[in-house]
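# Pasting a predicted model and its sequence here:
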Amino acid sequence: MTAGDIVLDGLRYTNEHEWTRLEGEGEAAVGITDYAQKLLGDVVFLSLPKIGERLTQFAKCGEIESPKAVSDLFTPLGGEVVAVNEEVMMHPELVNRDPYGQGWLFRLALGDPGELDRLMTAEAYRALVVSPEG
Amino acid sequence: MGSDGIPPARRGLPALLMDRSVPGRHASTLPVCDVPLSPLPPADLLRDDLPLPEVSEGELVRYFLHLSQLNYAVDTTFYPLGSCTMKYNPKWHDEVAGWPGFAQVHPLQPEATVQGTLRLLHELQQFLSTLTGLPAASLAPLAGAHGELAGMLIIKAYQRAHGQDQRDTILVPDTAHGTNPASAAMGGFKVVTVPSDAQGNVDLGALKDAMNERVAGLMLTLPNTLGLFEPNVLEVSRIIHEGGALFYGDGANFNALLGQVHVADLGVDVLHLNLHKTFSTPHGGGGPGAGPVLVREPIARYLPAPIVQVAEDGTFQLVTPESSIGRIGGFAGNFGVLLRAYCYIRSLGAAGLREVSEQAVLSANYLRVLLKDVLSLPYERTCMHEAVFSAALLKAYDVRAHDIAKRLIDYGFHPPITYFPLIVPEALMIEPTETESKETLDAFTAALSSIVREAREQPQWLRSAPHGAPVARLDEARAARQPDLRWRPAAP
Amino acid sequence: MAAPSPYIPSTEDDRRAMLATVGLDSVADLFAEIPAALRNPRIVLPEPLSEMELKRELAALAAQNTNTDSALCFLGAGSYQHFVPAVVRALVSRGEFATAYTPYQPEVSQGTLQATYEFQSLVCQLTGMEVANSGMYDGATALAEAALMSARITGRQRVVVLEGVSSAYREVLATYASGPDLVIDPIAPDALSVDEGAACLVVQHPNFLGYLEDLRRCADAAHAVGALLVVSVDPISLGLLRPPGHYGADIVVGEGQALGNPTSFGGPYMGLFACRQEHLRQMPGRIAGRTLDAEGNPGFVLTLQTREQHIRRERATSNICTSEQLVGLACTIYLAALGRTGLRDVAALCYQKAHYAAARIAALPGWRLPIEGIFFQEFVAVGPRPPAEINAALLRQGIVGGLDVSDQVANGILLCFSEMHRKQDIDRLVAALAAAGGE
């Protein structure tokens, strides 16, 4: 992690570098972190879950592509997909430019809000990505 | 700054064929129809328009000549791509391949009318067998990956024939070329990755852990993709075979082993060779290639069809092995490529081929020693025909392997392979081949030394390289986000 | 002291200097890691000869072949004799094209990449499809990969194949299908039904015996159950015939050999592969795309590489790496040389020669054309004797006859005609057939 990596407080994180933010009534938005987008490079294509799909926590639910790499996307929480960011599908570079804002990927209606406890806090995630590179 | 490259071409690409077309121009002549005319099919079966270019022959020649001059190629430049074996392609092979007696022969002609070709192919089968120690060969696969697919299906058939249907997994080292797991998956197998140890060899402990009664085979490149000979290969073979699996050899790096060892003696059961690498056939910008597959005697019955055999009367014929996995291509292989490999082997002989591997390995080690203080060498040991370096030491200057590669272009060299194998960060894989002179290797070393100096002193110059190529660094993200994959007429 | 061979520049002095730098005494030391007992195996190869001597030997081998420059030949069946203008060979043999690598470093491969983009464009225009790749190994493997692609897209396991598809292609399809355990269902045109388990319906047009299929019916049958329509074409025929894209084909494949490449005993050939835009990401093979460079100028790169093996590994759309690039370049130059009017003229000539031959053969006593329908440049003729005997008689007169297809049509011979056959060549064949039939 370099000085420029952003980790937002108030979000929860996975060790696969996804973030999630509670929104509205029992819903959560999901995206990938600033650290992840830097690692990936230019995002060129997204394969995201479909509306109505039921996801299990931590299961693979999509793929993110840069010109030379494919990364699996894992869902931080279980639930039903209620929205997918159409804008980011058409302009994948939004993931690079604004990973926590306009680069959101999809939104879930949560199955079990207790699953949040299995996720990292911002502090824990910062500690994870700050370890020196091998 | 020395190089044997071409001077940088003028910037700018020529206009596409459809954009330069003028109605009425044409570049060919045809005879008039000399038979009475029959009515054409009904109009609704015929096309209305045929949007193809309209250019004169002179324009066509200038256009493609101009395009050719935008390429680096072995014929113009040192091309040290690791594992690709970009050696010189002898020109007399091309001449022979164009003779009517070889080129104007239909694949379905009666066998009595193609005995010259069949004899040649039979001899080539035997040549490849004596070079590998594997007695049975099929020349049918049309590329290395095609040979790998055949190999995977052969292993599947073999295991099933021996009642081992439960063997649904192939082991692949973490250093493997992408075609290995892709071929295994195409063959219907699951892929399990085996890590390498600190010396760059297959981790024997991990291999033992991964071996079980579900494993059908192991795919291993010899020497491996780090350019290193696996000193434990006999132990690897023992572990695999004791577990009931087969040993698949990826022969992409065979240039290091020509005449030095029989891969069969190392335990390999099934092998493919890349004739467009080791055996000097031209790479063509991405093919054609040929990937013959060779096997031990008990596995010969599964080879892909067809193979060439001698009949009782001494004539040559194409036959299907008794339990063949089937036909893998439309005809009998890429004959034009097979012919060139035959010519190569005939012109060098056993001693000549041994000299190829000796010089290839010597030249690679020469570069290894010259460059080990310029870039970092992850494995401090004798390499074989290629050496893998890491540019990670330049990360402090925000310079990556990618940038070094692009800057080498300005020095008139084609870059080496970058970012492979995956286990070496910022990898640069350099394979000089035996057909380069010491002066070229020295010039290449000087260029790399200069570039590494530049990385420390003016890194931004590397990050914006190449500067002397026909185009500047290309935007690959844009190409993937906004695919433009074919000509379309300009909007009115 | 002399270097070992014309291809190895290093002299003894060079080797000594290199060894000194490496710090070894002899070259043998470089191979010390190979178990000593296995070193220097017995290699049995002919003694090497000079270029001059080898060309003589190879000329003797070539002379043992009958070649179609010196003998009339009426074979087709997936490999076609067409006239190749000299400009094709002249350009394809340029070392800058022939000895370049796959264009992973695009800045120094614009020649290969722009030519690939041209190839893709021409394939799309010829087939009426939206996107094309840079080619597969050959028509047969292209068809097999199209079936695998259809299975991936639909999630279904059955491949329905119309029986007019060449048996060699069907064998290759069976080999490829054995990987993912796809099931192949052959059907006849008069029993054209495709059920919901079908990933695709595979059709060859013109079919193996030379006759046009009803692509409209095939498209309807496939699409009615959500299956893809895969059509395998002869690209020369598309100079005349309405392309499969017009009928709603989802994937079009074919053998590109006929476009500027010799028959060469079956290879190297080139698998054409095109599909609808919506299936782009499931298409195998390399694709060149146009983009801009850092200075805003147009340039070309390999794109959508995440489909391919070097990135996606076991999840790739295919394992294909090296394909048939230089053959594709010949196709591109051939199509550009013939152009809009030339390809149509070649197709028309093939059609006319074949129809003239058919009329003359049908008029021979004891001969008939058993198949009803429209053919392009090939058709089946049935004579009074088995094809093996007919062809043997033809061969005694220095003519290579058609393909024995008596396994499909009793006493059937598949005869192929192209713009290279003159009227007198066809008349000679007809006379020989008449004699052979009567012997």
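Okay, I see it.
# quick one, helices of chain B?
B:17-20, B:57-68, B:91-98, B:100-103, B:115-132, B:144-161, B:179-186, B:204-210, B:233-242, B:335-371, B:401-410, B:438-457, B:459-463, B:476-481 (DSSP state H).
# out of those, nearest to B:P51?
helix B:17-20 (7.4 Å; Cβ to Cβ). All C-beta atoms are positioned from the backbone trio N, CA, C, and that covers glycine.
# what's the closest one packed up against?
If contacts are counted by 3 or more Cβ pairs under 8 Å, 6 or more residues apart in numbering or on different chains; DSSP states H and E, helix B:17-20 sits against helix B:57-68.
# Report the rounded mean pLDDT for the helix it packs on.
Averaged over helix B:57-68, pLDDT sits at 97.
# so how many other residues sit close to residue 26?
Defaulting to chain A. 12 (other Cβ atoms under 10 Å in any protein chain shown).
# wrong one, chain C
Using other Cβ under 10 Å, C:S26 has 9 other residues around it.
# how about the nearest residue to it, chain neighbours excluded?
In space, and not counting its chain neighbours, C:S26 is closest to C:L19: 7.1 Å by Cβ to Cβ, 6 or more residues apart in numbering or on different chains.
# cool, and B:L142?
Closest residue to B:L142 apart from its sequence neighbours, by Cβ to Cβ, 6+ apart: C:Y137 at 4.1 Å.
# so what's the residue nearest to C:S26 up against?
C:L19 makes contacts with B:L362, C:D25, C:S26, C:V27, as judged by Cβ atoms under 8 Å, 6 or more residues apart in numbering or on different chains.
# a markdown table for those residues, including secondary structure, pLDDT and distance to C:H310?
Formatted as a markdown table, the contacts of C:L19 follow (DSSP: H, G, I helix; E, B strand; the rest coil; pLDDT from 0 to 100; distance: Cβ to Cβ, whole Å):
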| residue | secondary structure | pLDDT | distance to C:H310 |
| --- | --- | --- | --- |
| B:L362 | helix | 98 | 29 |
| C:D25 | coil | 93 | 40 |
| C:S26 | coil | 95 | 38 |
| C:V27 | helix | 95 | 33 |
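# Highest neighbour count among those?
Neighbour counts for those, by other Cβ under 10 Å, peak at B:L362, which reaches 23 neighbours.
# what comes up buried for stretch B:303-320?
Under the neighbour-count criterion of 16 or more other Cβ atoms under 10 Å in any protein chain shown, stretch B:303-320 has B:L303, B:P304, B:A305, B:P306, B:I307, B:V308, B:F316, B:Q317, B:L318 buried.
# tell me the average confidence for it?
Stretch B:303-320 comes out at a mean pLDDT of 98.
# go on, stretch B:264-278?
The pLDDT scores in stretch B:264-278 average 98.
# just stretch B:445-458 next, same as before
97.
# go on, stretch C:248-265?
98.
# Need the distance between the two termini of it.
Using Cα to Cα, to the nearest Å, the end-to-end distance of stretch C:248-265 comes to 34 Å.
# Same question for stretch A:93-111.
Taking Cα to Cα as the criterion, the two ends of stretch A:93-111 lie 30 Å apart.
# Please say whether there is contact between that stretch and chain B.
Yes: contact between stretch A:93-111 and chain B is present through A:E93 (criterion: Cβ under 8 Å from any Cβ of the partner chain).
# Neighbours of C:A392, how many?
When neighbours are defined as other Cβ under 10 Å, C:A392 has 16 of them.
# what do you get for C:G437?
For C:G437, using other Cβ under 10 Å, the count is 18.
# Quick check: which element contains it?
helix C:423-438 (DSSP states H and E).
# Look up how far chain C lies from the residue nearest the centre of chain A.
Among the residues of chain A, the one closest to the centroid is A:G31, at 2.5 Å (Cα atoms, centre = their mean). For A:G31, the distance to chain C equals 20 Å [Cβ to the nearest Cβ, to the nearest Å].
# same deal with B:W99?
For B:W99 relative to chain C (Cβ to the nearest Cβ), the value is 5 Å.
# For the chain, which segments count as strands?
Here I'm looking at chain A. With DSSP state E as the criterion, chain A has strands at A:12-13, A:18-23, A:27-32, A:45-47, A:54-55, A:60-66, A:69-74, A:79-84, A:106-110.
# switch to chain C, that's the one I care about
Assigned strands in chain C, in chain order: C:72-73, C:131-132, C:158-162, C:183-187, C:198-205, C:228-233, C:251-255, C:271-275, C:288-292, C:298-302, C:378-382, C:399-400, C:403-404, C:412-416 (criterion: DSSP E).
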